[in-house]
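Trainee: Sequence first, then the predicted structure:
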Amino acid sequence: MTELVVETHSLVKRYGRVAALDGLSLAVPRGSVYGFLGRNGAGKTTAIRVLAGLARPQSGEARVFGLHPERDRLAILTRAGFVIEKMLLNSMTGNDLVRYNRSFFPSWSDAVARKYAEALEVPMNRKFRKLSHGNKTKLCLLLALAQGAELLVLDEPTLGLDPVITDQLLRVLIDDFAASGRTLFISSHHLSEVEKIADWVGIIHNGRLLLEAQLDDIRANYARVRASGSGLPRNAPEIVTVSDTEGVCDYVLRSGAEAFSAELRRQGAVILDISPMNLSEIFLTLVGKENRDAAVEVMA
Amino acid sequence: MLLWKSWRDLRITFFVGLGWLALQLLAAIWVLLRGAHTLSTTIATPDQAVDSVGLFIVVQTVVFALISSALGTHGVGRDIGAGSGSFVLTRPVRRAFYVWSEWGAGLIAIAALLFLSVLDLWIMIRSHAFRIVFGTSTNGAPPTPHAWTLASLPVRVAAMDALCAFLLLALVFALAHLGTVAFHHSTAGLLFCLGFFIGWLIVTGLIRHNVPWLAPHIPDLLLHPFGSIGIGPVRPVPHVFSSILERLAILPLFPLAAQLLLGRTEV
């Protein structure tokens, strides 16, 4: 059985009448690069805040390393690095922040901090408030990496960064951090980036997880089937969506495209096309306006 | 490391306080060097001397109250308001430690400023008395013997005065700090502190007017430990020690409340 580093069960977090999390259940395997996808306001940041012990859910349960984020906050924070808002302490320089952070983490490494400061060209003598957005993000990441965390949780790390810096950061995260077997949990709505680095993805929408699976499984199983004919089925377990235009049905299937197509042929339909889907197409299918109530799919 | 951070947060305000004291000392030296005869004739009687010291204490209290309130608005409450809360509160350290380290640093800063202020006053009085006694009066005025009396303020009197002033300033600091932690904004912390004092004045005024029998039982925010300042028979006012103990007992309730609030804060 796969060991889970992060797991949540039916998490509910409301702000007034708005449900930021509405029964979220996640399972992040140890050593995975988990892309946590969702539109703005889907509940990604709230979920991360709950994991970091910064927000309390009204119901449900969360576990990080098998520990409770509120009760065992210190034990979790010693082992996990959270980069949520890219805002550190304005009056401190990068060097001050290194000095400040060093004392909190037993596995802190000055060498790692120096290495990334040089590699990412972060001006460590400049006050945080005077850094550019890109450098602020790099510094946040540098501190998280230097603390020697087993798990790194990053909320929209590449938001607002240019492609060069984005590439730099992703390389560091994958080549240095994830390659050593540590777990990376990264939230984003930049699908192409996540597709490049993740091996697991979870898609959240309106506070609920719509899909959680290994990316390779998604690529292998999700497919689009176009068929023409009359009386074609509109309900089947493998159908995610179906649209009908002038006698041509466009199916999005979560699995079994070949078997489904064979069944359609037996019913007299003509199969026009069977094509695999990429992450962007799946994402748009799941969180598109017409599919808000799509069933939760876990493909472990 | 938290103390280091707390010190970094409040050091500019502390240096402003030091600057104010240095300015006072320079002004006193300038007056002594350039206008000794003026000083020796304007402060010629015990009453005038007491008035001068009294005025100094009032001005100093007001200025230090402002500085103490500013010291209280630094720290974790302000960090949360500035958007750094998710960074600060994801360091593996108990949230209570932030509150108590800020309290430690803040009260040490206030105590240091107060000590230097007393020293400042002592130097001023001492220099002034020296000037008067050793007859630099160019205008022919006789030396004033009570100048030495003023200069030799008993240590216990100065210590008690300083302790009472410290208790008031600590209360100001505590209110500003609690307000900042509660509202995550330094201005809100200041307004909370100001609101408390204004509210206290209004409530006590109403009580004194409408419930006179209760009036004597209302504690004064500014504790006056002695019947007179420095000159003449100096005796502690009744119940001064129990009043000090009461204040000392109440003060820790503020960081405890701040600790409770911070513990429940969601970022």
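Mentor: Nice, I can see it. It should be emphasised that the depicted structure is a prediction, and the values quoted were computed from it without experimental measurement.

Trainee: can you map out the helices along the stretch 101-250 of chain A?
Mentor: When assigned using DSSP state H, counting those that start in this stretch, the helices of the stretch 101-250 of chain A occupy the ranges A:110-119, A:133-146, A:163-171, A:191-197, A:215-221.

Trainee: To chain B, which of these lies closest?
Mentor: In terms of C-beta to the nearest C-beta, the element of the helices of the stretch 101-250 of chain A nearest to chain B is helix A:133-146, at 7.8 Å. (Each C-beta comes from the backbone N, C-alpha and C, glycine too.)

Trainee: quick revisit: point out the most buried one among the helices of the stretch 101-250 of chain A.
Mentor: Highest mean neighbour count of those: helix A:133-146, a mean of 23 (counted as mean count of other C-beta atoms under 10 Å in any protein chain shown).

Trainee: and A:Val270, bridged to which residues?
Mentor: Note on A:Val270: beta-bridge partners A:Ser228, judged by DSSP bridges.

Trainee: The stretch 101-250 of chain A against chain B: which residues are in contact?
Mentor: A:Asn101, A:Arg102, A:Ser103, A:Phe104, A:Phe105, A:Cys140 (C-beta under 8 Å from any C-beta of the partner chain).

Trainee: so the first one sits right up against A:Leu142, yeah?
Mentor: What that stands for is A:Asn101. No: in this structure A:Asn101 lies outside contact range of A:Leu142 using C-beta atoms under 8 Å: 9.9 Å.

Trainee: How many residues are close by residue 69?
Mentor: Just going to use chain A. 24 (other C-beta atoms under 10 Å in any protein chain shown).

Trainee: ah, no, chain B please
Mentor: B:Ser69: 25 neighbours (other C-beta under 10 Å).

Trainee: Let me see the contact set for it.
Mentor: Neighbour list for B:Ser69: B:Val172, B:Phe173, B:Leu175, B:Ala176, B:Gly189, B:Leu190, B:Cys193, B:Leu194 [criterion: C-beta atoms under 8 Å, 6 or more residues apart in numbering or on different chains].

Trainee: For those residues, which two are the farthest from each other?
Mentor: B:Phe173 and B:Leu194 (13.4 Å; C-beta to C-beta).

Trainee: Could you check which of those two is surrounded by more residues?
Mentor: B:Phe173 (28 against 15).

Trainee: unless I'm mixing things up, that one is touching B:Gly72, no?
Mentor: Yes: using C-beta under 8 Å, B:Phe173 is in contact with B:Gly72, at 4.3 Å.

Trainee: what's the overlap in contacts for the two?
Mentor: Common neighbours of B:Phe173 and B:Gly72 (C-beta under 8 Å, 6+ apart) are B:Gly106.

Trainee: got the contact list for the residue nearest to the spatial centre of chain A?
Mentor: Closest residue to the average C-alpha location of chain A: A:Phe36 at 1.4 Å, with C-alpha atoms, centre = their mean. A:Phe36 makes contact with A:Leu26, A:Lys44, A:Ala47, A:Ile48, A:Phe185, A:Ile186, A:Ser187, A:Ser188, A:Val201, A:Gly202, A:Ile204 under the criterion C-beta under 8 Å, 6+ apart.

Trainee: wait, is it part of a helix?
Mentor: No: assigned with DSSP: H, G, I helix; E, B strand; the rest coil, A:Phe36 falls outside any helix and is strand.

Trainee: and the longest helix along chain B, how far out from the chain's middle?
Mentor: Assignment by DSSP state H gives helix B:2-42 as the longest helix of chain B. Put simply, helix B:2-42 sits 14 Å off its chain's centre (C-alpha atoms, centre = their mean, to the nearest Å).

Trainee: So is that helix next to chain A?
Mentor: Yes: residues of helix B:2-42 contacting chain A under C-beta under 8 Å from any C-beta: B:Trp4, B:Lys5, B:Arg8, B:Asp9.
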